[in-house]
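In: Fold the following and give me the result.
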Amino acid sequence: MKGIKQFCCHLSILSILSPCFVLAQEQVEAENSNTLERIEKKIDVIVAQSKHSTRINIEQPLGDRTQGFEFNFFRLLTLGEDESTLSGTYSFFNTENNTEIALPFMFSSADHMSYYGYNVIDNNEKLTSFTIDAHYRKYLGHRLDGFYLSAFVRAAYLNGVKGESDGYYSYSQQEGFTQYSKGSELKLGLGFGIGYRIISDSGYYWGTSISLGKYLVGKSDIFLDAEGISATMDDEEFIIDIELLKFGFAF
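Out: Got it, this is the predicted structure:
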């Protein structure tokens, strides 16, 4: 009888403590689950940061550089005797989507050409042009270098001697006396292009490209020809730009 009473007592104590054990076990399991979730989240963050760092610092030769400037040496090699020019580009790079916003500019000034030796225009008269573009370039590979496609807008300002009334006189055997006048013209155009760029891990880069377009606002073919090809081409209706020796540095 005594043994039965002890068994019933133990059974009663066990029935009282059992819910406590179950509750404690559930709390431990919940804490373990929360701990595992926090660990998994930290691992995901570390992996994502590692991939991001690898993509920028290893795959992207630019690293964390976002801007650059380049100078066109090819124009210096094609200068005429009476021509001066300066050409360069300031760029903004985005390695997240492999795009570039480029702002090329070009200044050119050259003496007007003489015709048949009878041109009485002052020797100091020049055809001067200044152009500035805004290019959007999309690189075709998995990183920001190699081949790219571009679209651009261009503004061009030209100043020189026009073949209009009033002003200077010239003589040719075919036309006799012709009047010319000084003036300026502002032109706006659109175009597209394709190019290729090599970028080193140190930040230096080289590029070549060809751009084609057309002026949609402003008059064309209104100035007398100049000795330099750059200024004369800006007087044309169509835009044709070829860049070969353009070197730059990213920072």
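In: can you give me the helices in the stretch 51-200 of the chain?
Out: Taking DSSP state H, counting those that start in this stretch, the helices of the stretch 51-200 of the chain run over residues 74-77.
In: so where's it uncertain?
Out: 51-58, 74-82, 113-124, 163-180 (pLDDT under 70).
In: Kindly provide the distance from the residue lying closest to residue 220 once chain neighbours are set aside to residue 214.
Out: Counting by CB to CB, 6 or more residues apart in numbering, residue 220 lies nearest to residue 237, which is 4.0 Å off, once chain neighbours are set aside. To be clear about C-beta, it is placed using only N, CA and C from the backbone, and glycine gets the same treatment. Distance of residue 237 to residue 214, computed by CB to CB, to the nearest Å: 6 Å.
In: Residue 200 and residue 63, how far apart?
Out: Look at residue 200 and residue 63: by CB to CB, they are 11 Å apart.
In: quick one on the thing from earlier: the residue nearest to residue 220 reaches residue 221, doesn't it?
Out: Yes. Between residue 237 and residue 221 a contact is recorded at 6.7 Å, counting by CB atoms under 8 Å.
In: how deep is residue 233 tucked in, by neighbour count?
Out: 16 (other CB atoms under 10 Å).
In: Return the list of helices and strands in contact with the one helix or strand it maps to.
Out: In this assignment (DSSP states H and E), residue 233 forms part of helix 229-234. Under the contact definition 3 or more CB pairs under 8 Å, 6 or more residues apart in numbering; DSSP states H and E, helix 229-234 sits against strand 83-94, strand 99-111, strand 126-139, strand 146-162.
In: ok, now with 6 Å
Out: strand 99-111, strand 126-139 (3 or more CB pairs under 6 Å, 6 or more residues apart in numbering; DSSP states H and E).
In: Let's verify residue 220: helix, strand, or coil?
Out: coil (DSSP: H, G, I helix; E, B strand; the rest coil).
In: what about residue 41, which helix or strand?
Out: Residue 41 belongs to helix 2-54, assigned by DSSP H and E.
In: which other helices and strands contact whichever helix or strand comes after the helix holding residue 233?
Out: Counting by DSSP H and E, the element after helix 229-234 in chain order, helix or strand, is strand 238-250. Where contact means 3+ CB pairs under 6 Å, 6+ apart, strand 238-250 is packed against strand 67-72, strand 204-217.
In: okay, the angle between strand 238-250 and strand 146-162?
Out: Between strand 238-250 and strand 146-162, the angle comes out at 120 degrees (axes from the mean of the first three to the mean of the last three CA atoms, to 10 degrees).
In: In strand 238-250, which residues are buried?
Out: Burial within strand 238-250, assessed by neighbour count using 16 or more other CB atoms under 10 Å, is assigned to 239, 241, 243, 246, 248, 250.
In: What residues sit buried inside stretch 187-194?
Out: 187, 189, 191, 193.
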